[in-house]
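Engineer: Structure, please.
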Amino acid sequence: MEIITIGKGQELVSPNEVRLNIHFYLKGNTYEEVLKKGTLNVLNFINEIMIKNDFMKEDLKTRSYVIREEKKYNEVTKSYEFDYYSFNEYATLKFTYDKVLLMKLMSEIATLENPPMYEINFALSNEKEYQEKVLKEAFNNAKEKAGFIASAAGKKIKECVKVDYKPFNIDYTTRGNLDSEMMYKAASNEILNEVTNAFTPEDILVEETLYTLWMTE
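Structural biologist: Take a look at the predicted model:
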């Protein structure tokens, strides 16, 4: 006899890593202007924010870099017209979660001449360890269910002959992930202090689902 069971494993874990997703942005009349000013903004962030807080230049990881000519639609002429050049660099800075350091960075970013927009993501630096743990839990959960079914039929489970992340013969995808996000721009130190004291990062749900096929005897 064959038995198919679904096993689930999950765990709520307090985040231990902060990921600042940073957007450096400005507009100018020429390509050369935005290239120069945009690059200076990034270097200023590195020197005034990162280096002074014991980060290394290499800690800032660039995800994308775009300089382009912007256009806007003119309702009168019914055509698109030149609307300056734009500099866009998206980068990520990761560090161990520390509320004091986070508040300090937010406060110092607010003092920059052209502060970048940024998004705060709370995450797990060791998520793989928890994924392995919940996978084992999911398998044991599936095995336990198979044992109950086999016992009800007067049999015993012999072995697991197939394991997958998706139902057998059915197209399916699954992923367990939960991020807490907040968006900030320049603000006063007093407000930033209130903000960092007001929020507590939401626990991250690490979960996995396994589909198993068992043989009985």
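Engineer: When you work out contacts or count neighbours from here on, use the C-alpha atoms and nothing else.
Structural biologist: Noted.
Engineer: Domains in the protein, by residue range?
Structural biologist: The record's domain parsing of the chain by automatic domain parsing lists 2-13+127-176+206-216, 17-123.
Engineer: Would you single out the least confident of these?
Structural biologist: Averaged per stretch, pLDDT over the domains of the chain is lowest on domain 2-13+127-176+206-216, reaching a mean of 84.
Engineer: about what we covered before: just send the domains of the chain back as TSV, with mean neighbour count and distance to Thr200 too.
Structural biologist: Converted to TSV, these look like this (neighbours: other Cα atoms under 10 Å; distance: least, Cα to Cα, whole Å):
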stretch	mean neighbour count	distance to Thr200
domain 2-13+127-176+206-216	17	13
domain 17-123	16	9
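Engineer: Ser64 should be in a strand, yeah?
Structural biologist: Yes. Counting by DSSP: H, G, I helix; E, B strand; the rest coil, Ser64 falls inside a strand.
Engineer: Now do the same for the closest residue to Gly9 other than its chain neighbours: helix, strand or coil?
Structural biologist: Closest residue to Gly9 apart from its sequence neighbours, by Cα to Cα, 6 or more residues apart in numbering: Ala138 at 4.2 Å. Judged by three-state DSSP, the three-state class of Ala138 is helix.
Engineer: Kindly check the end-to-end length of stretch 70-85 for me.
Structural biologist: By Cα to Cα, to the nearest Å, the extent of stretch 70-85 from end to end equals 6 Å.
Engineer: Any idea what Leu26 is bridged to?
Structural biologist: Counting by DSSP bridges, Leu26 is bridged to Phe87.
Engineer: How about the contacts made by it?
Structural biologist: For Leu26, the contact set (Cα atoms under 8 Å, 6 or more residues apart in numbering) comprises 34, 38, 86-88.
Engineer: how about the strands in this protein?
Structural biologist: Secondary structure of the chain by DSSP state E: the strands cover 2-13, 17-28, 60-74, 79-96, 117-123, 157-164, 180-184, 204-216.
Engineer: Lys133 is nearest to which of the ones you listed?
Structural biologist: Nearest to Lys133, of all those, is strand 2-13, at 8.3 Å by Cα to Cα.
Engineer: Remind me what the closest one packs against, helices and strands.
Structural biologist: Judged by 3 or more Cα pairs under 8 Å, 6 or more residues apart in numbering; DSSP states H and E, strand 2-13 is in contact with helix 127-152, strand 204-216.
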